[in-house]
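In: sequence unknown, structure follows:
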């Protein structure tokens, strides 16, 4: 059991490597009110004071937004460092920034900061800090993984200070995805890091100075991270006195701690929802993570059989998406059926597409027409990953009905990860996986263009490559929308992968807390703005 | 005596070299690439290569090994690949939590195991023995994480007597608070150790009771109790010394499962995280550290043995 949990952890790490832009998304279940005032709509009056304990699965790796790539660090950084702005359902909520305007030619973006901003230590937060942050991201010696986003066609985006509150970003070419890049940036303080040779290894990260709603108080390795209220927060003084992130590595015992009141906020698995809900002490909030769970077809396998569009369509016909969701996610409450390769939080996403689904006769017909007989496929599975295991067993059984043999190859999670991400691996045809790519569809190009760095299915369609290229530099929103619509249609027809579901994350929050809607549920980091949460 | 110690110390050198090679090789051969934990798909191939180079992971394996050994000899166990903190610091930071937890558990287990084992051995196949055996079989077969969950459910969730997780209440730094948090994990661990120790002591007692000196004591009119606790006990403690020596490694490596279940911030949970993240330096650091402790533990046990049983010295 414990071992299985650890495997689950590895799977989570793997998912994180697929986590391109972590700081964006929408909230299917809730109605976020971006930029709304502090006054909550709830009938109970918000009180000041109190604390909130959030469960996290591991120690944070590094409390510096230029390096945070793991879920825990990103979650804590969200409270510790204020972002410039965030995007929900295509609408911006401004935090440190007051506005962001593109120029006529879309090659320069002007960012205005709000005035009177300060860091947790009382120093002024100015354009210098923003420029410093971008420069450090771009500095090759600093190893920030955000660097790739700040280069377009191999050329860097430049940040130039105009005055204390204004920064100009100069782009080498038109890139509407730039805003999605900037969403991921939370400025780091220049006065703290100026003289540090290596920001990643700097001891300053142990007592981080940010500009977020809560400031750093204490970190006990393996135990907890505590933050306390920052009165000078740009979004207004937070209600709660403190936030604690409690490190709880074992899911089962953390669920007990949740019921015991030692934890107030925690992710829960679908199968545990019933138990937690029975206590009637928690709000159960499922919300979209902007993640697509899909069945991967390896077009590059040594048999080469999945390179044929008709075979992929036939395999898709043999499966039933609704059954698959039941099997893997216990209920369609926690996963919406997927047809597009884009997740629902992506701009221009549409699910109104052709889909090859649930027609075994058609599947046989197509296989026959393609001249494929006695097909044998290898399905790689990371052992211990429950969702993958159930998907593989289901697929095996359904494909058998159309005369396709599936051999399930269970392997150690790290071996699985290595095979999955190795572009030269040709000894398997099927795998179950997922990705979170953020709201700009350009991010998906690395997954589906012929030379994409994360094109694990080895899909190659010149038309799709071309459309991604056009979409990346099309400034006109309507035209851009058409490009990505067309792209999704082609991809649906080509069936490069079999999209299963847009999965949801479920968070349980103790009922004694209010302001959850204003705090906005957010993929990966749980809440966008913790300052809005209060004790009822 | 001194000869014995010197000889045993010298013997540890090849052992340590072997351990270091073995643990380096195992980690090297295991599937998975530590660079992957730095990679996101929007990185280009050259970025990945740059990171690999910066980490020194593009050098041949034996060069990596020699660099590692050289650094260890100068007291540097390296830096975590994940959070870039010195490995030694991380181990030392978590040592008190683990040593405290394990020390109390092992101590408790011994204190209970000795009388229980003696009683069981002396009453072989009677109901007391069967009862004690039953408990120790349960202790050996019950998965500790399950026991942990069960106790947590009753004592934390139902009765609210004890906290279910962690080592401290947030923001409170008192010894009493730590003890309160330690009760459940200590009990679980002690139960696991106790079950094993009782079996050892029981069989050792049975063996001793067949010895001539026991018969002589009885012939002199000693009561069963005097024989057991005054004479047999001393001899029974000999294998206990070996057990203690081996437990010394447990003292610093901690208990991976129990620490994880209780979110106890010890070396066990550090190791667990390192394995998940393919954090080579941390895995090797912990392995090496615990190997050294095991060797030291055995050495100490040997010396104590020599003191307790002079026959060993002359033979040694």
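Out: Looks like it arrived, so ask away. Keep in mind that what you see is a predicted model, and the values were worked out from it rather than measured.

In: where in chain B is pLDDT low?
Out: Along chain B, segments meeting pLDDT under 70 span B:1, B:31-34, B:36-45, B:254, B:311-316.

In: One more pass at 50, please.
Out: Residue ranges of chain B with pLDDT under 50: B:315-316.

In: domains for it, by residue range?
Out: B:34-76, B:89-315 (automatic domain parsing).

In: So which of these is the most surrounded?
Out: Per-stretch averages of neighbours, counted by mean count of other Cβ atoms under 10 Å in any protein chain shown, single out domain B:89-315 among these, with a mean of 19. Where you see a C-beta, it was placed from the backbone N, CA and C, and this is true even at glycine.

In: my guess is residue A:329 meets residue A:335, correct?
Out: Yes - the criterion here is Cβ atoms under 8 Å, and residue A:329 meets it with residue A:335 at 4.1 Å.

In: Would you double-check that residue A:407 falls in a strand?
Out: Yes - under DSSP: H, G, I helix; E, B strand; the rest coil, residue A:407 sits within a strand.

In: picking up where we left off before, including distance to residue A:286, could the domains of chain B go into a markdown table?
Out: Output for the domains of chain B, formatted as a markdown table (distance: least, Cβ to Cβ, whole Å):
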| stretch | distance to residue A:286 |
| --- | --- |
| domain B:34-76 | 26 |
| domain B:89-315 | 24 |
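
In: which residues are in contact with both of residue A:329 and residue A:335?
Out: With contacts taken as Cβ atoms under 8 Å, 6 or more residues apart in numbering or on different chains, residue A:329 and residue A:335 have A:501, A:503 as neighbours in common.

In: Around chain A, pick out the residues from the stretch 51-200 of chain B.
Out: By the rule Cβ under 8 Å from any Cβ of the partner chain, the part of the stretch 51-200 of chain B lying against chain A is B:51, B:54, B:79, B:82-84, B:90, B:93-94, B:97, B:143, B:145-146, B:148-149, B:152-153, B:156-157, B:160, B:163-168, B:170-171.

In: The stretch 201-316 of chain B too?
Out: Residues of the stretch 201-316 of chain B lying close to chain A (Cβ under 8 Å from any Cβ) are B:257, B:260-266, B:269-270, B:272-273, B:275-278.

In: wait, which of those residues is closest to chain A?
Out: Ranked by distance to chain A (Cβ to the nearest Cβ), these are led by residue B:265 at 2.7 Å.

In: my read: the closest one touches residue A:224, true?
Out: No - between residue B:265 and residue A:224 there is no contact under Cβ under 8 Å: 9.2 Å.

In: which residues do those two both contact?
Out: Jointly contacting residue B:265 and residue A:224 under the rule Cβ under 8 Å, 6+ apart are A:247, B:166.

In: Can you list the buried residues in the one helix or strand residue A:479 maps to?
Out: Using DSSP states H and E, the element containing residue A:479 is helix A:477-494. When burial is assessed from 16 or more other Cβ atoms under 10 Å in any protein chain shown, helix A:477-494 yields the following buried residues: A:480-485, A:487-488, A:491-492, A:494.

In: from these, which single one is nearest residue A:82?
Out: Nearest to residue A:82 among the buried residues of helix A:477-494, counting by Cβ to Cβ, is residue A:480 at 29.3 Å.

In: For the nearest residue to residue A:106 once chain neighbours are set aside, which three-state class applies?
Out: With Cβ to Cβ, 6 or more residues apart in numbering or on different chains as the criterion, residue A:106 has its nearest non-adjacent residue at 4.3 Å, and that residue is residue A:475. Three-state assignment for residue A:475 (three-state DSSP): coil.

In: Next, count neighbours for residue A:475.
Out: Using other Cβ atoms under 10 Å in any protein chain shown, residue A:475 has 14 neighbouring residues.

In: quick one on the thing from earlier: between which two of the residues of the stretch 201-316 of chain B next to chain A is the distance greatest?
Out: Longest distance between any two of these is 24.9 Å, between B:262 and B:278; criterion Cβ to Cβ.

In: thinking again about what came up before, tell me the helices and strands packed up against the helix or strand just after the helix holding residue A:479.
Out: Per DSSP H and E, the first helix or strand lying C-terminal to helix A:477-494 is strand A:497-510. In terms of contacts (3 or more Cβ pairs under 8 Å, 6 or more residues apart in numbering or on different chains; DSSP states H and E), strand A:497-510 is packed against strand A:265-267, helix A:273-278, strand A:282-297, helix A:309-318, helix A:321-329, strand A:335-337.

In: Any idea which of these gets closest to residue B:297?
Out: Using Cβ to Cβ, these put strand A:265-267 closest to residue B:297, at 39.5 Å.

In: Mind listing residues that contact that closest one?
Out: Contacts of strand A:265-267 (Cβ under 8 Å, 6+ apart): A:52-55, A:248, A:254-255, A:258, A:505-510, A:513, A:526.

In: Most neighbours of all those residues, which one?
Out: Counting neighbours by other Cβ under 10 Å, the top entry in the contacts of strand A:265-267 is residue A:248, with 30 neighbours.

In: so where does the nearest residue to that residue once chain neighbours are set aside fall, helix or strand?
Out: Nearest non-adjacent residue to residue A:248, counting by Cβ to Cβ, 6+ apart: residue A:254, 3.7 Å away. Here residue A:254, judged by DSSP H and E, is contained in helix A:251-259.

In: ok, now residue B:47?
Out: helix B:45-54.

In: Show the subsequent helix or strand relative to that helix.
Out: Under the assignment DSSP H and E, the closest C-terminal helix or strand after helix B:45-54 is helix B:61-73.

In: what packs against the next helix or strand after that next one?
Out: Next helix or strand after helix B:61-73 toward the C-terminus (DSSP H and E): helix B:87-122. Where contact means 3+ Cβ pairs under 8 Å, 6+ apart, helix B:87-122 is packed against helix B:127-141, helix B:175-209, helix B:233-253, helix B:267-276, helix B:280-308.

In: and the longest one, what other elements does it pack with?
Out: Secondary structure elements in contact with helix B:175-209, counted by 3+ Cβ pairs under 8 Å, 6+ apart, are helix B:87-122, helix B:127-141, helix B:144-152, helix B:233-253, helix B:256-261.

In: What lies in contact with the second one?
Out: Which is helix B:127-141. With contact meaning Cβ under 8 Å, 6+ apart, helix B:127-141 is reached by B:116-117, B:119-121, B:123, B:191-192, B:194-196, B:198-199, B:202.

In: can you rerun that using 10 Å?
Out: The contact list for helix B:127-141 (Cβ atoms under 10 Å, 6 or more residues apart in numbering or on different chains) reads B:109, B:113, B:116-117, B:119-125, B:147, B:190-199, B:202, B:206.
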